[in-house]
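In: Provided below are the primary sequence and the corresponding predicted coordinates.
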Amino acid sequence: MKYGIYFAYWEKEWDADQAKYIRKVKELGFDALELSCAMLKHITEEKLREIRKMAESEGVMLTAGYGPGPSENLGSSDPTVQQHAIAFFTDILKKLEVLDIHKIGGGIYSYWPVDYSRPIDKAGDWERSVRNVRTVGKIAGECGVDYCLEVLNRFEGYLINTCEECKRFVEEVDVDAVKIMLDTFHMNIEEDSMIEAIQLAGKRLGHFHVGENNRRLPGKGRMDWYQIGMALRSIGYDGTVVMEPFVQTGGGVGSDIKIWRDLSHSASAEQLDRDAAESVAFLRYVFSGPYSDYGTVLL
């Protein structure tokens with residue numbers, strides 16, 4: 001497996017300079033850095049190639065994540081919004097191809113965060129989203145990108161809340177590049193069993209986010225990482241495992257993620273780095289198989 005971290009662990013705004021973290025994550029022991037597509041909306045091809053060169057020189061894999069705004073909603077009932085969303089993702093996917101990024105994940109079948117003051121038409125939005133994700137998914141395949149649909153908790157999304165729903169959605173889309181994305185934070189809220197959800201995803205699992213029940217780094221909460229690691233190994237998962245911790249208040253990131261208290265416990269920049277390095281070392285250990293398939297410690 002390749003281990004990464006989302007840039008927003010250190011930042012408070014989605015459109016921050018994310019490329020500067022490429023060298024940092026390598027030094028901290030990660031294989032990959034996940035970028036937000038927010039930075040790609042108005043970027044030049046020259047800058048894209050510069051970022052790609054930086055990643056290649058450091059030996060760092062890049063992945064992408066995104067929470068589409070209402071105007072980028074592939075499931076919208078407004079045909080104009082649907083067309084704009086298709087055009088938006090087409091542009092993003094072509095930019096990911098230039099960056100040599102092969103995975104994009106997030107609520108990229110609807111919009112985020114959901115405005116629950118508006119009426120919800122899940123059945124209608126599902127049908128429209130399946131149709132339009134099918135279109136975008138084919139473009140993703142042409143660009144060499146896995147289009148990974150993130151299962152979100154009920155407070156942030158309504159269309160896909162469980163792995164069972166995501167698998168059914170992906171099967172209806174029926175495009176090879178469209179895959180399931182699971183996130184332990186969301187699974188902790190919605191799934192009856194994280195282990196069974198991972199096993200249900202099986203070979204369709206294209207991307208995996210990790211974070212504690214409290215949105216902190218793995219190892220700083222109550223998740224059973226040994227069991228999660230065994231479940232991933234049981235399905236032969238050898239893909240990307242990206243940490244998505246959110247620990248700082250303030251800015252667009254803190255507001256959107258609803259971080260209303262300092263989860264870092266007033267950590268300095270240096271302490272944030274140390275915590276991340278310790279967490280990825282911990283996760284590599286527990287996911288690598290120090291336990292047998294029956295949960296017995298291998299001495």
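Out: Everything's here; your move.
In: which SS class is residue 147?
Out: strand (DSSP: H, G, I helix; E, B strand; the rest coil).
In: tell me which residues touch the closest residue to it other than its chain neighbours, please.
Out: The spatial neighbour of residue 147 that comes closest, neighbours along the chain excluded (Cβ to Cβ, 6 or more residues apart in numbering), is residue 140 at 4.0 Å. Where you see a C-beta, it was placed from the backbone N, CA and C, and this is true even at glycine. Each residue near residue 140 by Cβ atoms under 8 Å, 6 or more residues apart in numbering is listed here: 93, 104, 146-147, 177-178.
In: now the residues you listed in JSON lines, with pLDDT, neighbour count and distance to residue 58?
Out: As requested, those are arranged in JSON lines below (pLDDT from 0 to 100; neighbours: other Cβ atoms under 10 Å; distance: Cβ to Cβ, whole Å):
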{"residue": "93", "pLDDT": "98", "neighbour count": "24", "distance to residue 58": "24"}
{"residue": "104", "pLDDT": "98", "neighbour count": "26", "distance to residue 58": "21"}
{"residue": "146", "pLDDT": "98", "neighbour count": "22", "distance to residue 58": "22"}
{"residue": "147", "pLDDT": "99", "neighbour count": "29", "distance to residue 58": "26"}
{"residue": "177", "pLDDT": "98", "neighbour count": "21", "distance to residue 58": "27"}
{"residue": "178", "pLDDT": "98", "neighbour count": "27", "distance to residue 58": "30"}
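In: what sits up against stretch 167-182?
Out: Contact with stretch 167-182 is made by 105-106, 109, 126, 129-130, 133-134, 137-138, 140-141, 145-151, 159-160, 163, 166, 197-198, 200-201, 204-209, as judged by Cβ under 8 Å, 6+ apart.
In: one more time with 7 Å
Out: Where contact means Cβ atoms under 7 Å, 6 or more residues apart in numbering, the residues beyond stretch 167-182 that reach it are 105, 130, 133-134, 137-138, 140-141, 145-151, 160, 163, 166, 197-198, 200-201, 204-208.
In: do the same with stretch 17-37
Out: 2-8, 10, 14, 39, 51, 54-55, 58-66, 92, 104, 240, 242, 273, 276-277, 280-281.
In: rewinding a little: relative to residue 230, which of the contacts of residue 140 is nearest.
Out: residue 146 (23.8 Å; Cβ to Cβ).
In: helix/strand/coil for the residue nearest to residue 9 when sequence neighbours are not counted?
Out: On the basis of Cβ to Cβ, 6+ apart, the spatially nearest residue to residue 9 that is not a chain neighbour turns out to be residue 245, at 5.0 Å. Under three-state DSSP, residue 245 falls in the coil class.
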